[in-house]
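Give me a 3D structure for the following:
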Amino acid sequence: MKIHRHEYQVGFGECDPAGIVYYPNFFRLFDGNCERLFGAVGLRWSEMFGRPGADDGAGLAGFPIVNTGAEFIEPVSYGQRVTLETSIASWSIKSFRVEHRIVSDGRIMAQGFEVRVWAVRDPARPGRIKGAAIPDHIKALFEQDPV
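I've put the predicted structure just below:
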């Protein structure tokens, strides 16, 4: 299973008045590291979707989140250096589960997950999207050594 690790220092604007990371910001960190994980295997989101024609006709619209959650184990504070660890934990036909950990000094500070759908444009309903089967060659990219 490929794990993407990203070193990060918590900024002032991510914290509440007590200097502790405000919980919605963890989800922003999770999302950003998911995008980095895909980039690490050569799947840059800016090239995969978001621009007309970027998907080579496949109609890929993105990976919307349909379920998410987090557990906050220890406070993460302004200026603290942490490591974000992200991996694809499992695949189904049209969706995949991404798991995240935020680690500092060998301790898990927070962990969370996202369930994302492989979404394509729905030709029967212009402007709408629908789930589609995830290609096997995409799944295979995430079974290599950690990055």
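
Please identify the buried residues of the helix or strand where Ile108 lies?
Using DSSP states H and E, Ile108 maps to strand 107-117. Using 16 or more other C-beta atoms under 10 Å as the test for burial, strand 107-117 gives Met109, Ala110, Gln111, Gly112, Phe113, Glu114, Val115, Arg116, Val117. For glycine as for every other residue, the C-beta is placed from the backbone atoms N, C-alpha and C.

check contacts around the fourth one.
Okay, so that is Gly112. Phe26, Phe27, Phe30, Thr68, Gly69, Ala70, Glu71, Glu99, His100 (C-beta atoms under 8 Å, 6 or more residues apart in numbering).

Buried members of those residues into ChimeraX, please.
Only the buried entries of the contacts of Gly112 go into this ChimeraX selection, using 16+ other C-beta under 10 Å:
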select :26,27,30,70,99,100
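
The contacts of Gly112 in strands, which ones?
Counting by DSSP state E, the contacts of Gly112 place Thr68, Gly69, Ala70, Glu71, Glu99, His100 in strands.

now the residue lying closest to the fourth one once chain neighbours are set aside: how far from Asp136?
Going back to what we said before, that points to Glu71. Spatial nearest neighbour of Glu71, chain neighbours left out: Gln111 (5.4 Å); criterion: C-beta to C-beta, 6 or more residues apart in numbering. In this view, Gln111 and Asp136 are 28 Å apart by C-beta to C-beta, to the nearest Å.

Same check on Ser92?
Here the distance between Ser92 and Asp136 works out to 13 Å (C-beta to C-beta).

about what we covered before: any residues touching the next helix-or-strand element following the strand holding Ile108, and which ones?
Moving toward the C-terminus from strand 107-117, the next helix or strand (DSSP H and E) is strand 119-121. Applying C-beta under 8 Å, 6+ apart, the contact partners of strand 119-121 are Ala58, Gly59, Leu60, Ala61, Gly62, Phe63, Pro64, Arg128, Ile129, Lys130, Gly131, Ala132.
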